[in-house]
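**Q** A structural model of the following input is requested.
(chains A and B)
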Amino acid sequence: MTDLKTIRGMPDLYGENIEDISMVEKVCQKTFQSFNFQELRTPILENKSLFNRSVGESSEIMQKEVYEFKDRKDNLLCLRPEGTAGLVRALITNGLDNDEIKKLFYLGPMFRYERPQKGRKRQFFQAGVELIGDQSSDADIEIILIANTILEKLKIKSDLEINYLGNVENLKNYNDYLEKYLSETSDLPDYVMKNPIRALDSKDENIKNKMSKAKSITDFLNKDQSDEFFKIKSKLDEIGIKYKENVKLVRGLDYYNGLVFEFLSSDLGAQNAILGGGRYDGLIKKLGGRDLPATGFALGVDRLAEVVKASSQSKDLFIGCVDKESRTYAQTLGYKIRKENSSLIVENYLGNASVAKQLKKADSQGFKFAIIVGQDELKNKKVKLKNLKEDKPDLELKEKDLLEHFEC
RNA sequence: GUGGGUGUAGCUCAGUUGGUUAGAGCGCCGGUUUGUGGCACCGGAGGCCGAGGGUUCAAACCCCUUCAUCCACCCCA
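**A** Just a heads-up that it's a prediction; the model follows:
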């Protein structure tokens, strides 16, 4: 029966699970659009080399988390592990890397071969924005505003942490410094040896102790960079967005520089990052496009869905029927009512249960109103509208009045 | 990739030192009530006890393997 199993970390989603995810996606999409961001949808499959050059060949993700395979013509492909690289590639591929400022968003499944746990699946959903061509700190502020709006709409409590990485040289210098600083320590785990910057957010007590006396990236910034960071912070203050400066915040993808940030939720255990992003000014050029600044973020749709509970949508009208003759009329009524108001949820019950059962079903499924269509209704074109939520007498309505009752 | 927990009905879970036919609650279907809901009562369906192997007269239970899931490390959204 192995052929009937789902692939590890890629569950079928149904019921409440998909309701929550789908609701989060809708909120994201609406919010992006309200900031006048346009959708850009790229393929799930890309050449693996694209991610080697963007995410970084030495990064954890590319080292062991990519689903890669050869196609029938021996091209080395992979399932995308994140969204930014594909979107940047699309800009270059389609000649969109011009001077016009671009505000783009994406939404869809990503894949990483990791050990699954809460808030971490092998297929997971991300939504994100990229603001291309604007190097000002206002652009960084704009995307933080988007992030904040989404989290507010979803009523998710979270803490914003920010840090400033400077540019490639700062990072290199800081990395070199850490390498030297840590070289006195023995028993360093592999991941720290490979990339000393990883020691910053390590949970290992040994490393934590050692790092508490190390210099921070802030000490490696020049005056302009410190000023820029200061500017960003005062703008956040002015708007009234609370944040915590975290000099240990570094991000796992190689392309980040300048401002980086994360929104953290305490309700998710170890996978507490629900949204993260920052500036990636060098990436477009590195991938072969023009030298354009860019900033953006990605959020974990599944992770947000874990911490919100979607208020189950209330359903509007249950149309039952008592025999075959009346059923078609019942369907006609449903059809007309939905035309009158397309946002209504209207069930046309097509089974053979008794009237009592039908009403019970309507009630237990959370419908507000119910009508039962039978011979009388068919003959007189009149129905009794039952209010299932409040104890009120039935309304006897002609077809026209019924339609009016439900129009928007 | 490392360490640990858990897999029994659609869902949440009981199941005694290994002992006849594996249970409950919720949900589903039917009835009390053949055209009027919420409550109550009665009945029913639904299980290869995650999968494969082993020990035993006998395994949901013990052993091995494997898969899935959860927690932590790691990583990230």
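
**Q** Next, count neighbours for the one residue in the stretch 101-250 of chain A that gets nearest to RNA strand B.
**A** Closest residue of the stretch 101-250 of chain A to RNA strand B, C-beta to the nearest atom of the strand: residue A:118 (2.6 Å). The way it works is simple: take the backbone N, C-alpha and C, and place the C-beta from them, glycine included. Residues near residue A:118, counting by other C-beta atoms under 10 Å, number 12.

**Q** ok, now residue A:248?
**A** 17.

**Q** again with residue A:268
**A** 19.

**Q** residue contacts, the residue of the stretch 101-250 of chain A closest to RNA strand B?
**A** Neighbouring residues of residue A:118 by C-beta atoms under 8 Å, 6 or more residues apart in numbering: A:268-269, A:271, A:306.

**Q** Next up, phi/psi of the closest residue to RNA strand B within the stretch 201-350 of chain A, please.
**A** Across the stretch 201-350 of chain A, no residue is closer to RNA strand B than residue A:252, which sits at 1.1 Å (C-beta to the nearest atom of the strand). Residue A:252 adopts backbone torsions of phi -80, psi -10, taken as degrees, to the nearest 10.

**Q** The contacts of residue A:118, buried ones only, as a ChimeraX selection?
**A** In ChimeraX, selecting the buried portion of those, with burial taken from 16 or more other C-beta atoms under 10 Å, looks like this:
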select /A:268,306
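
**Q** Out of the contacts of residue A:118, which comes closest to residue A:109?
**A** residue A:306 (16.5 Å; C-beta to C-beta).

**Q** Surely the closest one and residue A:119 touch.
**A** Yes: the pair residue A:306 and residue A:119 qualifies as a contact (C-beta atoms under 8 Å) at a distance of 5.6 Å.

**Q** Need the residues touching each of the two.
**A** What both residue A:306 and residue A:119 touch, as defined by C-beta under 8 Å, 6+ apart, is the set residue A:268.

**Q** and chain A, what are its domains?
**A** A:2-166+A:221-307, A:315-406 (automatic domain parsing).

**Q** Please identify the most buried of those.
**A** When the domains of chain A are scored by mean count of other C-beta atoms under 10 Å, the highest mean neighbour count falls to domain A:2-166+A:221-307 (a mean of 18).

**Q** centre of the chain versus it, how much separation?
**A** Centroid displacement of domain A:2-166+A:221-307 relative to its chain, using C-alpha atoms, centre = their mean, to the nearest Å, is 9 Å.

**Q** Among the contacts of residue A:118, which lie within strands?
**A** Residues of the contacts of residue A:118 located in strands (DSSP state E): none.

**Q** biggest separation within the contacts of residue A:118, which pair?
**A** Pairwise over the contacts of residue A:118, using C-beta to C-beta, the maximum falls at A:269 and A:306, 9.6 Å.

**Q** what's the overlap in contacts for the two?
**A** A:118-119.

**Q** so does stretch A:41-51 get close to RNA strand B?
**A** No: shown here: stretch A:41-51 not in contact with RNA strand B (C-beta under 7 Å from any atom of the strand), separated by at least 12.2 Å.

**Q** Rounded mean pLDDT for that stretch, please.
**A** What stretch A:41-51 shows for mean pLDDT is 96.

**Q** in the stretch 101-250 of chain A, which spans are strands?
**A** Secondary structure of the stretch 101-250 of chain A, counting by DSSP state E, counting those that start in this stretch: strands at A:102-111, A:123-132, A:159-164, A:244-245.

**Q** Reformat those strands as a markdown table; add mean pLDDT and distance to residue A:29.
**A** Below are those laid out as a markdown table (pLDDT from 0 to 100; distance: least, C-beta to C-beta, whole Å):
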| stretch | mean pLDDT | distance to residue A:29 |
| --- | --- | --- |
| strand A:102-111 | 97 | 7 |
| strand A:123-132 | 97 | 8 |
| strand A:159-164 | 95 | 22 |
| strand A:244-245 | 94 | 29 |
